[in-house]
Every structure is written in structure tokens, then in C-alpha cells.
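After the sequence you'll find the predicted model.
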Amino acid sequence: MKFIPIFALLLFCNCTMPKDQFAEKIVIAHRGASGYLPEHTMESKAMAFAMNPDYIEQDIVLSKDDVPIVIHDIFLEEVTNVKKVFPERNRSDGRYYVIDFTLNELKLLSVHERIHLGTKKAVFPGRYPLEESDFRLHTLSEEISMIQGLNKSTGKNIGIYPEIKKPGFHKKNGKEISSIVLKVLDSFGYSKKSDPCILQCFDAVELRRIREELDSDLFLTQLIELPEGFENLEIYSSYADAIGPSIEQLILYAHGKTETEKKSLIERCRGLNLKIHAYTFRADEHPNFETFEDLLNFSFKEMEIDGGFTDFPDVLKAYFKD
Ligand code: CA
């Protein structure tokens, strides 16, 4: 009789084993719950919050008056009605730049689902209807205020995952985006690695500068994209805490490799104390895999990555729970 409880405990452990494999994995709401509402709107952030991701992402571009705005591109016309509201305000290349508009002007724009510039059709036709879109742009501070407010009212502790967009472009236009963003983050209490904030950037020179010259102690993610591979991990690990490759880079890396060989990437990263947060998991677009679950199995079971940026935070959360 004495042994029964131990037996029961062993059985219990066995049952929970498969669940534990995802215990440390993180879900990052990519541009909010952007699979359901237009990207980077407050509405998509509030919806994402309700889905309990670990982090909610903000892409950041400066306005003319140096206010960090949450928007994915340095351009406005794929996600707003800028052409209608300010028809004359394009540059000679025909494009409308966030950086040419003050915050007050940007607030006059209506935000909609992302469209293809040429065809004016929705990039994801199965998502929120274009004709029902009338949302607004907002600042980084406004979004952090809401997330912190929701953390207080719900008792959750959901983090933020801001990205510095195109620091070189900002510099050419006389603006130093990173210092301005760091100041905002600091004012909201995000300054250390232990704070629920991860800062990301594609520009390796800038991310290193954020660590070394701007002396940031935040958790930093070095984003990488094709055609780059995983040759520079040692360099990244000297200033960053994670890498952010695209799914395509992972697929290319895994091509023709055995299960064991595939694991060498995560093993090298673990050795260098680098996490892997890959982008972008879309339940409605996974060209290399028959089903979304196949893509998730490849990424989280075969490649053992640590987290994912997803337009569908609820689906990734459910996958980790099953
Ligand atoms: Ca981003």
C-alpha cells in the first residue's frame, strides 16, 4: 500500500511529460491579433491581450515631431487612407512617409487592413473586411499605457516586444530613433533584462550600439532575414540575447538534414545563451507545409525553437496547451 502513491506519482509524471516540452515556449502577438483585426491597431492589441500571449509586438517609426508611432513600415499608404486625406504630401518617389507627418496629422488617418499597392486588394483576403475598416494610428506610449492598464485590471503580466524600424533611414532624415524609444521604454519602467520587454532590430550595427553605446540592459533580439544564414551566432551573442530568424531560414537550414543534425542549431544557440524567436506563424498562410500544425511541429518539436511571432496568438497558445 505504501508504494501506491509513488506509483501514482510516476504515472502522473508520465502523463504530463508531453505538455512540459512547451512549458518554456513563448507566444508573441505579431502586430497584435493581426489575423483578426487590422495590424497594429489598438483594437488588435486589446484582442491579442485577451488571448494571453507572453508578449505583444510594436513596430516603431518616428513622426515628423519625433513621436514613436506604432506602424510596420516607414510608408503609410498600404495601411491608411493617406492619399485621400493628404493627396499632395508624397515625396518625389510617390511614397507617403510617416516621418513627414506630425502626430496630429497622423491621427487624422483611417487605418485599414494591409493592401497591395498595385491592385489595392487585401493582402489577406480572408481576414477582416477592408470596407469595414476605420481604425486609428497610435503612439508607443498610448499602447504601453493600455497594456500596463490591462495588466493591472486583469492581474496578468503580458510583456511588450518593440522593434526599432530602419534606424539608418531615420538617421538620414536627421532622427535618432533608438535613443527616443529607449527613453519612452525607461519612462514606463522597462530598462532591465528582467523587465517584461524585449527590444528587437534587424540592423545589427544599431542593436550592438543600443547595447554598447546607449548602454541598454534590456533583453535584445537580433532579427535576421534571408539570404543570411546562421554563421554569425557568436557575434550576435556578444550583445544580444536572442535571434529572430524567419521560418524560411529555418526551413533552408533544416533542408536535407537528419533529425539530429537539425538540432545542432538550437544546441549552438543554447551554448551561446541565445534564444530563437522565429517569425511569422500564420494559420492562413503556410506555403511550405500542408497544415499549420505541420509548420508548428517542424518549428517547435523538430527545431525546438523557443518562441514565435504569430498573427494568431490564440492558435499558438492552444497548440502549446494540447
Ligand atoms: Ca516587427
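The structure has been received and is ready for your questions.

Identify the residues contacting the residue of the stretch 1-150 of the chain at minimum distance from the ion.
Nearest residue of the stretch 1-150 of the chain to the ion (C-beta to the ion) works out as residue 59 at 4.5 Å. Any C-beta I mention is one placed from the backbone N, CA and C, and that applies to glycine too. The contact partners of residue 59, taken as C-beta atoms under 8 Å, 6 or more residues apart in numbering, are 31, 40, 70, 71, 72, 162, 163, 165.

Buried subset of those, written for PyMOL?
Those of these that count as buried under 16 or more other C-beta atoms under 10 Å are selected in PyMOL with:
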select buried, resi 31+40+70+71+72+162+163+165
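
Now flag whichever of the contacts of residue 59 is closest to residue 245.
Relative to residue 245, the closest of those is residue 163; by C-beta to C-beta it sits at 14.6 Å.

how near is that closest one to residue 139?
According to C-beta to C-beta, to the nearest Å, residue 163 and residue 139 sit 15 Å apart.

which residues touch stretch 96-106?
For stretch 96-106, the external contacting residues (C-beta under 8 Å, 6+ apart) are 61-65, 67, 69, 71, 73-77, 82-83, 86, 89-91, 137, 139, 169-170, 173, 175.

now stretch 189-204
Outside stretch 189-204, the residues within contact range by C-beta under 8 Å, 6+ apart are 55, 157-164, 166-168, 178, 181, 185, 207, 210, 216-225, 232, 235-236, 241-242, 244, 277.

Mind checking if that stretch is in reach of the ion?
No - using C-beta under 5 Å from the ion, stretch 189-204 never reaches the ion; the gap is at least 6.8 Å.

ok, now stretch 276-289?
No - contact between stretch 276-289 and the ion is absent, the nearest approach being 7.2 Å (criterion: C-beta under 5 Å from the ion).

Start at 39, not 1
Sure, I'll start counting at 39 from here, so that last one is stretch 314-327.

which parts of that stretch are buried?
Buried-residue list, stretch 314-327, by 16+ other C-beta under 10 Å: 314, 315, 316, 317, 318, 319, 320, 321, 324.

one step back: where helices are concerned, which of the contacts of stretch 134-144 count?
If you go by DSSP state H, the contacts of stretch 134-144 have 120, 121, 207, 208 in helices.

before we move on, back to that, dig out what the residue of the stretch 39-188 of the chain closest to the ion forms beta bridges with.
residue 201 (DSSP bridges).

remind me which residues of the stretch 39-188 of the chain are low pLDDT?
39-57 (pLDDT under 70).

Around the ion, pick out the residues from it.
So the stretch 39-188 of the chain meets the ion at residue 97 (C-beta under 5 Å from the ion).

if you set the cut-off to 8 Å instead, what comes out?
Within the stretch 39-188 of the chain, the positions near the ion by C-beta under 8 Å from the ion are 68, 69, 95, 97, 110.

Is it possible to get CSV of the residues you listed that adds distance to residue 170?
As requested, these are exported to CSV (distance: C-beta to C-beta, whole Å):
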residue, distance to residue 170
68, 21
69, 18
95, 23
97, 23
110, 20
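
my read: residue 220 touches residue 255, true?
No - judged on C-beta atoms under 8 Å, residue 220 makes no contact with residue 255 at a distance of 10.5 Å.

Looking at these two, which one has more neighbours?
residue 220 (20 against 11; other C-beta atoms under 10 Å).

Give me the buried positions along stretch 274-289.
Quick answer for stretch 274-289 (16+ other C-beta under 10 Å): 274-275, 277-285, 287-288.

Just those: which are in helices?
If you go by DSSP H, these have 274, 275, 285, 287, 288 in helices.
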